[in-house]
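Chemist: no sequence on this one, just coordinates:
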Ligand code: ADP
Ligand code: ADP
């Protein structure tokens, strides 16, 4: 659980126009913030900057009050569930979740404890020996979430994690994400195109447009205007 502060955050790619203009936002510890906005408005860029995967062109980013602009992704303690983070196809579900911890040099018993705990939360225990190709879409998505959880991050970033799933699975996984948030009490930033997801999951919704925050508010503030 962590607090995230963005102060006058800016991003430009090369010498092109600014993609993120001057973004100020404070996200409280344990808060579930959903980011919405039209395609190309800068949502992925924003998440990638927070994750440390994209250089920040201007302004500052703070986690629990500490300046993190220059910290590597792993130093930031952030867990990512991005569509682009495909599972490792040749590794079992267990290994997919354990791998990053192994690279980071965690002891095997600590890794086993974390993987089994996470598998319990996500109902992956019976699937630990399977390969990704033998899983359903929803199960794969659960493994991707599990891979982020085992790292015990301070902050979770989700970039349209459910958009590749069919409608009924999306509803089920949406409820699972909501209960996960309740259970872990984690701080979550979640990008989606789906208004129902935004309304049901968010404590606060941030509407981005052309690299600016157009609106911020609770789902009721934003959508419940008769
Ligand atoms: P969204 O996630 O809201 O669709 P993006 O953050 O992907 O928006 O993109 C915002 C803008 O930045 C778009 O105009 C896009 O073309 C541009 N952009 C994204 N990534 C790059 C990049 N690596 N190099 C140059 N321009 C980029
Ligand atoms: P480094 O410290 O060298 O950046 P990490 O320990 O952060 O390495 O990452 C190790 C491996 O785990 C990499 O292959 C990376 O792609 C993957 N990875 C990193 N972060 C995540 C994440 N949140 N979810 C899934 N995979 C991740």
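Modeler: All right, it came through fine. All figures in this text were calculated on a predicted structure; none of them were measured in a lab. Ligands and ions are numbered 1, 2, ... in the order given.
Chemist: please name the residues that touch the residue nearest in space to the middle of the chain.
Modeler: With distances taken as Cα atoms, centre = their mean, the residue of the chain nearest its centroid is residue 157 (1.6 Å). The contact partners of residue 157, by Cβ atoms under 8 Å, 6 or more residues apart in numbering, come to 47, 50-51, 78-82, 188-190. Every residue, glycine included, has its C-beta placed from N, CA and C.
Chemist: give me phi/psi at it?
Modeler: Main-chain dihedrals, residue 157, degrees, to the nearest 10: phi -120, psi 130.
Chemist: in JSON lines: the contacts of residue 157, plus secondary structure, neighbour count and pLDDT.
Modeler: Formatted as JSON lines, the entries for the contacts of residue 157 read as follows, by DSSP: H, G, I helix; E, B strand; the rest coil; neighbours: other Cβ atoms under 10 Å; pLDDT from 0 to 100:
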{"residue": "47", "secondary structure": "helix", "neighbour count": "22", "pLDDT": "95"}
{"residue": "50", "secondary structure": "helix", "neighbour count": "24", "pLDDT": "96"}
{"residue": "51", "secondary structure": "helix", "neighbour count": "18", "pLDDT": "94"}
{"residue": "78", "secondary structure": "strand", "neighbour count": "26", "pLDDT": "92"}
{"residue": "79", "secondary structure": "strand", "neighbour count": "22", "pLDDT": "90"}
{"residue": "80", "secondary structure": "strand", "neighbour count": "24", "pLDDT": "89"}
{"residue": "81", "secondary structure": "strand", "neighbour count": "22", "pLDDT": "89"}
{"residue": "82", "secondary structure": "strand", "neighbour count": "19", "pLDDT": "81"}
{"residue": "188", "secondary structure": "strand", "neighbour count": "23", "pLDDT": "96"}
{"residue": "189", "secondary structure": "strand", "neighbour count": "24", "pLDDT": "97"}
{"residue": "190", "secondary structure": "strand", "neighbour count": "25", "pLDDT": "96"}
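Chemist: want to throw the residues you listed into CSV with distance to ligand 2?
Modeler: Converted to CSV, these look like this (distance: Cβ to the nearest ligand atom, whole Å):
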residue, distance to ligand 2
47, 12
50, 12
51, 8
78, 7
79, 5
80, 4
81, 7
82, 8
188, 13
189, 13
190, 14
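Chemist: closest one of those to residue 93?
Modeler: Residue 93 lies nearest to residue 81 out of the contacts of residue 157, by Cβ to Cβ, at 15.3 Å.
Chemist: test my guess that that closest one contacts residue 156.
Modeler: Yes: with contact defined as Cβ atoms under 8 Å, residue 81 reaches residue 156; the gap is 7.1 Å.
Chemist: got any residues that touch both of the two?
Modeler: Counting by Cβ under 8 Å, 6+ apart, the common neighbours of residue 81 and residue 156 are residue 148.
Chemist: surely residue 10 is in a strand?
Modeler: Yes: when classified by DSSP: H, G, I helix; E, B strand; the rest coil, residue 10 is found to be part of a strand.
Chemist: for residue 22, see how far away the nearest residue to it once chain neighbours are set aside is.
Modeler: Take residue 10 and drop its neighbours on the chain: the residue closest to it by Cβ to Cβ, 6 or more residues apart in numbering is residue 58, 3.5 Å away. With distances defined as Cβ to Cβ, to the nearest Å, the gap from residue 58 to residue 22 amounts to 8 Å.
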